[in-house]
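**Q** Give me the fold of what follows.
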Amino acid sequence: MNTHNPNDFRYRVRRSDDATAARFERVPLAVRTLSSNTLFQGEHEIGIEHRGALYRLKITRQGKLILNK
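**A** Here you go, the predicted structure:
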């Protein structure tokens, strides 16, 4: 079972400086987020060129993403 929560990538946990109480706060991160529908536009595989190398990002039959070089 996959227990991944995509919202975990949008926040950084920061410990409070208050030494008397161990408090943590969620601080929003500036992460640009794109939907897979926007990236793939109905296809099951796209190419990503990075530093002169071609990577292939694929959607599996189970709906997961795989990145290959």
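**Q** Going by C-alpha atoms from here, please, whenever you check contacts or count neighbours.
**A** Noted.
**Q** The residue lying closest to Tyr55 once chain neighbours are set aside: what's it in contact with?
**A** Counting by CA to CA, 6 or more residues apart in numbering, Lys69 is the residue found nearest to Tyr55 once chain neighbours are left out, at 4.4 Å. Shown in contact with Lys69 (CA atoms under 8 Å, 6 or more residues apart in numbering): Ala53, Leu54, Tyr55, Arg56.
**Q** Who is the first one paired with across the strands?
**A** So the one you mean is Ala53. Per DSSP bridges, the residues bridged to Ala53 are His50.
**Q** got TSV for the contacts of Lys69, with pLDDT too?
**A** Converted to TSV, the contacts of Lys69 look like this (pLDDT from 0 to 100):
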residue	pLDDT
Ala53	97
Leu54	97
Tyr55	98
Arg56	98
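**Q** of those, buried ones?
**A** Taking 16 or more other CA atoms under 10 Å as the criterion, nothing in the contacts of Lys69 is buried.
**Q** now, which of those residues sits nearest Ala30?
**A** Ranked by distance to Ala30 (CA to CA), the contacts of Lys69 are led by Tyr55 at 24.8 Å.
**Q** before we move on, which element is that closest one in?
**A** strand 53-59 (DSSP states H and E).
**Q** Excluding its own residues, what touches that strand? List them.
**A** With CA under 8 Å, 6+ apart, strand 53-59 has contacts from His44, Glu45, Ile46, Gly47, Ile48, Glu49, Leu65, Ile66, Leu67, Asn68, Lys69.
**Q** Sort out which of these are buried, if you could.
**A** For the contacts of strand 53-59, buried by 16+ other CA under 10 Å: Glu45.
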